[in-house]
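Q: Have a look at this fold, sequence not included:
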């Protein structure tokens with residue numbers, strides 16, 4: 001908020017924006033309250049930052065859904081001037097519809113209002129609106145379905161044609177093992193047995209798609225899982241930790257955990273400070 005670098009999760013073409021942030025974690029809150037109970041040895045606290053995957057699947061999914069949303073408006077005859085002033089990009093949820101967000105506080109410990117952040121919806125039926133999320137369980141769209149939020153990576157992969165398990169399969173007779181061109185193009189003119197071996201090897205490696213493909217009734221895939229973007233570690237001896245993370249779409253889940261050698265159950269106050277260092281387009 002202090003930087004005022006922008007709020008959008010994507011460009012106006014739907015390409016996801018990645019927010020590079022410096023996250024500072026202090027074991028005291030703004031009133032200097034810290035650990036509320038005695039702890040054992042080796043006490044430490046971690047602040048984990050989770051987010052969606054930064055890859056071509058999520059990039060393509062966002063671009064496709066942006067195009068689908070624009071087509072939805074176009075088919076309904078709704079021009080851009082008839083839409084909300086801030087409806088140029090999709091506003092995503094993190095892992096569920098109608099997510100709530102952490103609110104920055106001012107120097108007195110009071111919350112900044114920050115205005116109203118309403119999440120985008122897609123209308124598929126007369127009375128069925130669906131929101132979009134970045135992580136979490138997918139929805140099987142192979143038959144009639146209903147959902148309050150769709151995980152965009154899962155929906156994108158399930159909409160694509162499936163790559164066969166062997167993407168470079170060829171018949172045993174084509175090309176012929178005695179091909180003149182194959183021998184001429186070989187610098188040393190390999191023996192026929194060697195050529196056959198090379199072909200056999202080439203057909204058995206690197207021909208499977210290097211990503212988890214959609215399958216019927218499989219609503220939990222690699223692309224639906226959050227990944228750990230970064231971790232800040234603070235300990236009783238040094239009650240401060242920091243990390244720099246790249247956050248796709250600018251949306252992340254943050255979780256603080258407390259640990260000590262004795263497994264002591266304690267609660268702790270803490271302060272999380274986020275500074276946006278850079279915003280760039282996801283490469284995929």
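A: On my side now, so go ahead. Note that this is a predicted model, so its numbers are computed, not measured.
Q: show me where the stretch 151-284 of the chain has helices.
A: 152-159, 180-185, 192-203 (DSSP state H, counting those that start in this stretch).
Q: what do you get for the stretch 1-150 of the chain?
A: According to DSSP H, counting those that start in this stretch, the helices that the stretch 1-150 of the chain contains are 56-75.
Q: low-scoring stretches of it, by residue?
A: 1-6, 126-127 (pLDDT under 70).
Q: between the helices of the stretch 151-284 of the chain, which gets the lowest average pLDDT?
A: Least confident of these, judged by mean pLDDT, is helix 180-185 with a mean of 55.
Q: Tell me which residues touch the residue positioned nearest the centre of the chain, please.
A: The geometric centre of the chain, computed from its C-alpha atoms, lies nearest to residue 52 (Cα atoms, centre = their mean), at 1.9 Å. Counting by Cβ atoms under 8 Å, 6 or more residues apart in numbering, residue 52 touches 58, 134, 135, 153, 226, 227, 248, 249, 251. Yep, even glycine has a C-beta here, placed from its N, CA and C like the rest.
Q: closest to residue 38 among the residues you listed?
A: Of all the contacts of residue 52, residue 38 sits closest to residue 226, with 33.7 Å by Cβ to Cβ.
Q: Roughly how far does the closest one sit from residue 251?
A: Distance, residue 226 to residue 251, by Cβ to Cβ, to the nearest Å: 11 Å.
Q: Residue 27 now?
A: 25 Å.
Q: Neighbour count for those two, which is higher?
A: Using other Cβ atoms under 10 Å as the criterion, residue 27 and residue 251 rank with residue 27 on top: 23 against 20.
Q: Model confidence for the nearest residue to residue 59 once chain neighbours are set aside, exactly?
A: Leaving aside its sequence neighbours, residue 59 sits nearest to residue 284 (Cβ to Cβ, 6 or more residues apart in numbering; 3.4 Å). With respect to pLDDT, residue 284 scores 73.
Q: Residue 210 too?
A: Residue-level pLDDT assigned to residue 210 equals 70.
Q: try the one 4 residues further on
A: Per-residue confidence (pLDDT) for residue 214: 70.
Q: about what we covered before: mind checking which of the contacts of residue 52 are in strands?
A: Among the contacts of residue 52, the members found in strands (DSSP state E) are 227, 248.
Q: Drop anything exposed from the contacts of residue 52.
A: Neighbour counting with 16 or more other Cβ atoms under 10 Å marks 58, 134, 135, 153, 226, 248, 249, 251 as buried within the contacts of residue 52.
Q: quick one: the strands in the chain?
A: Counting by DSSP E, one finds strands in the chain at the ranges 17-26, 44-51, 122-123, 129-133, 149-151, 227-235, 240-248, 253-259, 271-281.
Q: Fine, thanks again, bye for now.
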